[in-house]
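> I'll drop the sequence and a predicted model, then ask my questions.
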Amino acid sequence: VHTKSFHIHIKYYNQTTEWLLSRTRHRPKIAVVCGSGLGLLADGVTNKEIFPYADIPNFPVSTVPGHEGCLVFGILKGKSCVFMQGRFHLYEGYSLCKVTFPVRIFKLLGVETLIVTNASGGLCPDFKVGDIMLIKDHINLPGFAGQHPLCGPNDERFGIRFPCMSDAYSKDLRKLALDISHELDYTNFVREGVYCMVSGPNFETIAEARMLQVLGCDSVDI
Ligand SMILES: O=P(O)(O)O[C@H]1O[C@H](CO)[C@@H](O)[C@H]1O
């Protein structure tokens, strides 16, 4: 649906939401987007209901290895959750409103907390391969050039026209994650930092990576 458009009509959001609500008993308040190879985060849920993206009306499909392409509803530690086993990327040819389509569906399903994960490249010299970085802030580089999912007519159901971004990532959730990393003795590989989005599909040149470091980015992904 409107793969290249800046805008997806509300009727498509409603259609997808109603389709899901009529097929799952779950009413999740938490959504988790699983990046490359991280689909196993959904393995621990019980009462699973799985919907391949290809079956869900208006959903994009995953075209990248390591992205299973399924929406998994279930219970984790007594909480109803929904997991995206595989996310979408600009470099797959999807417009940013298509890339972010599932996030708006989560909003319409009643989700209040969104946890995003992905496999990104480390820029901070202190980081080692395999470290986990909690995102404390971001730089949306394509956004500077007008590639932004919120371009186009604004629908107040999803948020205001000019959203404030000075507190984009919940302080409380970041503190909780850091506290738990202390409890589990994971502190030597759990970091906090600034994440940078670029469009890909090529990874960064050495000069680009150096430039992003100078701009204050700790990790980068496409
Ligand atoms: O960001 P995620 O989807 O985790 O994966 C990252 O890793 C893949 C390349 O290896 C690309 O898809 C890139 O976006």
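Arrived safely.
> what's the neighbour count on the nearest residue to residue 163 once chain neighbours are set aside?
The shortest distance from residue 163 to any non-neighbouring residue, by CB to CB, 6 or more residues apart in numbering, is to residue 150 (7.4 Å). No exception for glycine: its C-beta is placed from N, CA and C like everyone else's. As a burial measure, residue 150 scores 17 neighbours (other CB atoms under 10 Å).
> I'd say residue 150 and residue 160 touch.
No - here residue 150 does not reach residue 160: they are 10.0 Å apart, not a contact under CB atoms under 8 Å.
> gap between residue 13 and residue 71?
15 Å (CB to CB, to the nearest Å).
> So between the two, which is more surrounded?
Neighbours were counted for residue 13 and for residue 71 using other CB under 10 Å; residue 71 has more, 25 against 19.
> hang on, isn't the more buried one packed against residue 55?
No - with contacts counted by CB under 8 Å, residue 71 stays clear of residue 55, the gap being 9.3 Å.
> what are the phi and psi angles of the residue of the chain most remote from its centre?
Residue farthest from the centre of the chain, counting by CA atoms, centre = their mean, is residue 207 at 27.0 Å. Torsion angles at residue 207 (phi, psi; degrees, to the nearest 10) stand at phi -60, psi -40.
> Can you check what pLDDT the model gives the residue of the chain found nearest the ligand?
The chain approaches the ligand most closely through residue 35 (2.5 Å), counting by CB to the nearest ligand atom. Residue 35 carries a pLDDT value of 92.
> Hmm, it is touching residue 135, no?
No - using CB under 8 Å, residue 35 is not in contact with residue 135, being 11.9 Å away.
> anything in contact with each of these two?
residue 116 (CB atoms under 8 Å, 6 or more residues apart in numbering).
> Any chance of the backbone angles for the residue most central in space within the chain?
The centroid of the chain falls nearest to residue 116 when counting by CA atoms, centre = their mean (4.0 Å). For residue 116, the backbone dihedrals are phi -110, psi 140 (criterion: degrees, to the nearest 10).
> contacting residues for it?
By CB under 8 Å, 6+ apart, the neighbours of residue 116 are 32-33, 35, 135.
> And it, how close does it get to residue 218?
For residue 116, the distance to residue 218 - CB to CB - is 16 Å.
> How about the residues of this protein by the ligand?
35-36, 64, 87, 89, 118-119, 221-222 (CB under 6 Å from any ligand atom).
> Secondary structure for these - can I get that in a markdown table?
Shown next, in a markdown table, are the residues of the chain next to the ligand (DSSP: H, G, I helix; E, B strand; the rest coil):
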| residue | secondary structure |
| --- | --- |
| 35 | coil |
| 36 | coil |
| 64 | coil |
| 87 | coil |
| 89 | coil |
| 118 | coil |
| 119 | coil |
| 221 | strand |
| 222 | coil |
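> Just name the closest of those residues to residue 103, please.
residue 87 (9.8 Å; CB to CB).
> What's opposite the residue lying closest to that closest one once chain neighbours are set aside in the beta bridge?
Distances taken as CB to CB, 6+ apart place residue 33 nearest to residue 87, at 5.1 Å, with adjacent residues excluded. Beta-bridge pairing of residue 33 under DSSP bridges involves residue 84, residue 116.
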